[in-house]
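*Asks:* no sequence on hand, only this structure:
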Ligand SMILES: [Zn+2]
């Protein structure tokens, strides 16, 4: 479902190819992908990623301060978030965080909740019975990934944000990017929050101070990964 949806997004958007920025997004994505694969290998769960078909694209939308990763490893960055990322390490902060949401299945959890709320059926039961029942709408799939800009996007829960922050920090560090840049990225995002950032990137969710102190609490382990990567 998310592969089809990703193709739709690409068709309807201006995907940028061959610029320094678009190459940077692909390069960071590939490095984080390898880190994620290594992470699961070390846990003896390499088959966890068997269904992943990774792809990393930059979309021309200067007003959109957003990035997301669908289940299956389909990533989109919008040009509007690039000035806040500032450099390659900033891109790695966002890439690690968004991929962590997908890896931890936060989108599927949200989609199941939305689906149950709108139909009274569980998404899993519909999929298991071969789709007898209304299929989830494309909007639902996009919203689950944190995609879309004009449709009221749900914020991830506080718990999901903490998980994505922690795992994202480890992934970027394993990929050889300095995790100490992560709190600095979120400071920049908070300074920009008067703009049009969707809930995923609003400083109020989770509270900015909590996010920074959580990141710092996970920093020693992240730095151990970072030093090992060099
Ligand atoms: Zn998030």
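*Replies:* It's in. Computed from a prediction, not measured in an experiment: that's the story for all the values here.
*Asks:* who in this protein is up against the ion?
*Replies:* For the chain, the residues in contact with the ion (CB under 5 Å from the ion) are 156, 164. Every residue, glycine included, has its C-beta placed from N, CA and C.
*Asks:* just for the chain, where's the confidence low?
*Replies:* 108-155, 193-200, 202-206 (pLDDT under 70).
*Asks:* which residues in it form helices?
*Replies:* 2-12, 20-42, 82-85, 88-103, 106-119, 123-128, 138-145, 158-174, 181-191, 208-217, 219-229 (DSSP state H).
*Asks:* most tightly surrounded among the ones you listed?
*Replies:* helix 88-103 (a mean of 25; mean count of other CB atoms under 10 Å).
*Asks:* quick check: angle from it to helix 20-42?
*Replies:* Using axes from the mean of the first three to the mean of the last three CA atoms, to 10 degrees, the direction of helix 88-103 lies 50 degrees away from that of helix 20-42.
*Asks:* I'd say residue 59 and residue 11 touch.
*Replies:* No. Counting by CB atoms under 8 Å, residue 59 does not reach residue 11; the two are 11.5 Å apart.
*Asks:* which residues does residue 58 form beta bridges with?
*Replies:* When bridges are called by DSSP bridges, residue 58 pairs up with residue 16, residue 77.
*Asks:* and residue 221, what does it touch?
*Replies:* residue 170 (CB atoms under 8 Å, 6 or more residues apart in numbering).
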